[in-house]
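# my questions concern the predicted model and sequence given below.
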Amino acid sequence: MHRVDSLGVVSRMSQLGCVVRRTYSVPCPKYLVHIDTNHKLIRYNIVIFGGIMASHARIERLWRDVWMGATQVFYHIFRMLEEEGYLDLTNTTHFFCLHYVFLPRLQLTLDLFRGGWDNHPLRTEQNMTPNQLWELGQIQHPIPDPEDLNIPEIDWEQSGDVSELHHGVNVPQFESPLSPEQLRLLKV
């Protein structure tokens, strides 16, 4: 279409409010990192955090792959438990049990996924893996530890506590319905 009617393409894009994706590059790994949250399991009070180096992929692609490779199975299990009446989302004990049983399994699945993701070749980066790019960036462009930062313009004592900020999605925390002794026996 661009070759035949480029003016029409531009006209339709502006009428529809389309955003043209910009291409950019960053000088090295760690230069730009995109942190995001995945809410596919928010119904079950589970939010997954992810980060991606903007030099080689989009965060949306990560979330698609996380869904296909890790969280989709858990979503369908949780949905089935709910539909069959075994999981009541208004019952905090049910949430506690769901999290107690499935969060370690979900974390293991996400850890396995991360291992594969971090070691898969990237065509646009001469088939180097994200881990290789990270190590190369560490060698070529070392960045000092944040603890060693000395920025005179910042009064670290008066800058405030980051944990005091309240924004984003609030996922409620549930108290264990079990006593410490019952919890100990459950873990045995």
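Ah, there it is.
# center of the protein - which residue?
residue 50 (2.1 Å; Cα atoms, centre = their mean).
# top helix in the chain by residue count?
Counting by DSSP state H, the longest helix found in the chain is helix 92-118.
# tell me the secondary structure at residue 35.
strand (DSSP: H, G, I helix; E, B strand; the rest coil).
# contacts for stretch 66-83?
Residues from elsewhere that reach stretch 66-83 (Cβ atoms under 8 Å, 6 or more residues apart in numbering): 38, 40-41, 43-44, 48, 50, 87, 89, 98, 102, 105-106, 109-110, 112-113, 116. For glycine as for every other residue, the C-beta is placed from the backbone atoms N, C-alpha and C.
# put the alpha carbons of that stretch into PDB.
In PDB, the C-alpha atoms belonging to stretch 66-83 read as follows (Å, rounded to 0.1, in the frame of the first residue of the first chain):
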ATOM      1  CA  VAL A  66       5.000 -15.800  29.700                       C
ATOM      2  CA  TRP A  67       1.300 -16.600  29.100                       C
ATOM      3  CA  MET A  68       2.100 -19.300  26.600                       C
ATOM      4  CA  GLY A  69       4.900 -20.900  28.500                       C
ATOM      5  CA  ALA A  70       4.000 -20.500  32.100                       C
ATOM      6  CA  THR A  71       0.800 -18.800  33.400                       C
ATOM      7  CA  GLN A  72      -1.800 -20.100  31.000                       C
ATOM      8  CA  VAL A  73      -1.900 -23.500  32.700                       C
ATOM      9  CA  PHE A  74      -2.500 -22.000  36.100                       C
ATOM     10  CA  TYR A  75      -5.200 -19.700  34.800                       C
ATOM     11  CA  HIS A  76      -7.100 -22.600  33.400                       C
ATOM     12  CA  ILE A  77      -6.700 -24.700  36.600                       C
ATOM     13  CA  PHE A  78      -7.900 -21.700  38.800                       C
ATOM     14  CA  ARG A  79     -10.800 -21.100  36.400                       C
ATOM     15  CA  MET A  80     -11.800 -24.800  36.500                       C
ATOM     16  CA  LEU A  81     -11.600 -24.800  40.300                       C
ATOM     17  CA  GLU A  82     -13.800 -21.700  40.400                       C
ATOM     18  CA  GLU A  83     -16.400 -23.000  37.900                       C
END
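# wait, a strand at residue 135?
No - under three-state DSSP, residue 135 falls outside any strand and is assigned helix.
# pLDDT score for it?
pLDDT, residue 135: 88.
# next one: residue 67
Looking at residue 67, its pLDDT reads 96.
# count of residues packed around it?
16 (other Cβ atoms under 10 Å).
# relative to residue 183, how far out is it?
32 Å (Cβ to Cβ, to the nearest Å).
# quick one on the thing from earlier: what pLDDT does the model give the residue nearest to the centre of the chain?
pLDDT, residue 50: 88.
# this completes my enquiry, with thanks.
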